[in-house]
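In: Prediction below, plus the sequence it came from.
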Amino acid sequence: MTLTVLFTFIPTALVTITMPKISNVENKSQRIKYTVQSFWFVLATGIMLYILIFFFGKFALGMTFTEKYVLSYPILLVLSVGAIFNGLRSVFCALWVGSGHPIITVYDIACASAVCITLSFLLIPSMGPIGAAYGYTLGLIAAVLVDLIYWIKYKYTESLNLEG
């Protein structure tokens with residue numbers, strides 16, 4: 001989990017920069033533009049980091065935490081995918097908070113928590129730590145899916161209510 005913190009630096013910096021822009025822009029198309037640019041930037045940097053971890057993760061684990069941690073390399077790979085989705089979620093959070101809809105961040109993280117807790121309850125007894133990594137990762141994928149549903153609603157309609 002320590003190495004996956006690398007994935008948070010770029011999204012956090014990006015959100016710190018884009019949140020004020022999104023908050024100050026009244027034009028919805030500009031908000032959409034900033035969000036799309038941020039989304040692709042975070043996704044691209046996340047994929048590049050993942051590739052580095054894929055090829056050099058064992059080495060990094062061995063050098064940073066000693067050789068006994070190299071066995072956790074598969075867990076690192078699964079957690080890294082979750083970290084990418086966490087970065088994508090942060091882009092959506094900047095949009096929701098910046099555009100006056102912070103409640104959506106509660107919906108996505110509540111969904112992520114429910115998925116993570118449920119899967120962890122089911123997977124940890126049989127799979128151990130990698131089961132927890134799958135719970136974390138699939139929870140964040142669920143959160144981003146919730147954000148994508150609201151994103152489609154935001155982009156193509158004037159309402160963020162899912163009822164209509």
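Out: Done, it's in.
In: mind listing what N86 touches?
Out: By Cβ atoms under 8 Å, 6 or more residues apart in numbering, the residues touching N86 are F7, T8, P11, L140. Yep, even glycine has a C-beta here, placed from its N, CA and C like the rest.
In: Now do the SS call for the second one.
Out: Look at T8: counting by DSSP: H, G, I helix; E, B strand; the rest coil, its state is helix.
In: In contact with it, which residues?
Out: By Cβ under 8 Å, 6+ apart, the contact set of T8 is A83, N86, G87, S90.
In: hang on, isn't the last one packed against F9?
Out: No: if you go by Cβ atoms under 8 Å, S90 and F9 don't touch, sitting 11.2 Å apart.
In: In the protein, where's the longest helix?
Out: Determined from DSSP state H, the single longest helix within the chain is helix 28-65.
In: Report the helix or strand with the lowest average pLDDT across the protein.
Out: Taking mean pLDDT, DSSP states H and E as the measure, the helix or strand of the chain with the lowest value is helix 6-24, at a mean of 75.
In: still on that earlier bit, in the next helix or strand after the longest helix of the chain, what's buried?
Out: The first helix or strand that comes after helix 28-65 along the chain, using DSSP states H and E, is helix 73-98. Buried positions in helix 73-98, judged by neighbour count with 16 or more other Cβ atoms under 10 Å: 73, 75-98.
In: And the pLDDT for the one residue sitting closest to the centre of the chain?
Out: Centrality entry for the chain: nearest residue to the mean C-alpha point is N86, 1.4 Å, by Cα atoms, centre = their mean. Reading off the confidence values, N86 has pLDDT 93.
In: on that earlier part again, buried set for the longest helix of the chain?
Out: Quick answer for helix 28-65 (16+ other Cβ under 10 Å): 31-32, 34-35, 38-39, 41-43, 45-46, 49-50, 53, 57-58, 60-61.
In: and the angle from that helix to helix 6-24?
Out: 160 degrees (axes from the mean of the first three to the mean of the last three Cα atoms, to 10 degrees).
In: Next, the angle helix 73-98 makes with helix 28-65.
Out: 150 degrees.
In: what mean pLDDT does helix 28-65 have?
Out: Averaged across helix 28-65, pLDDT comes to 88.
In: so what does it touch, helix or strand wise?
Out: The helices and strands touching helix 28-65, judged by 3 or more Cβ pairs under 8 Å, 6 or more residues apart in numbering; DSSP states H and E, are helix 6-24, helix 73-98, helix 129-156.
In: show me what contacts the nearest residue to W96 once chain neighbours are set aside?
Out: With sequence-adjacent residues excluded and distances taken as Cβ to Cβ, 6 or more residues apart in numbering, W96 is closest to I104, at 4.2 Å. The contact partners of I104, by Cβ under 8 Å, 6+ apart, come to F92, W96, V146, D147, Y150, L160.
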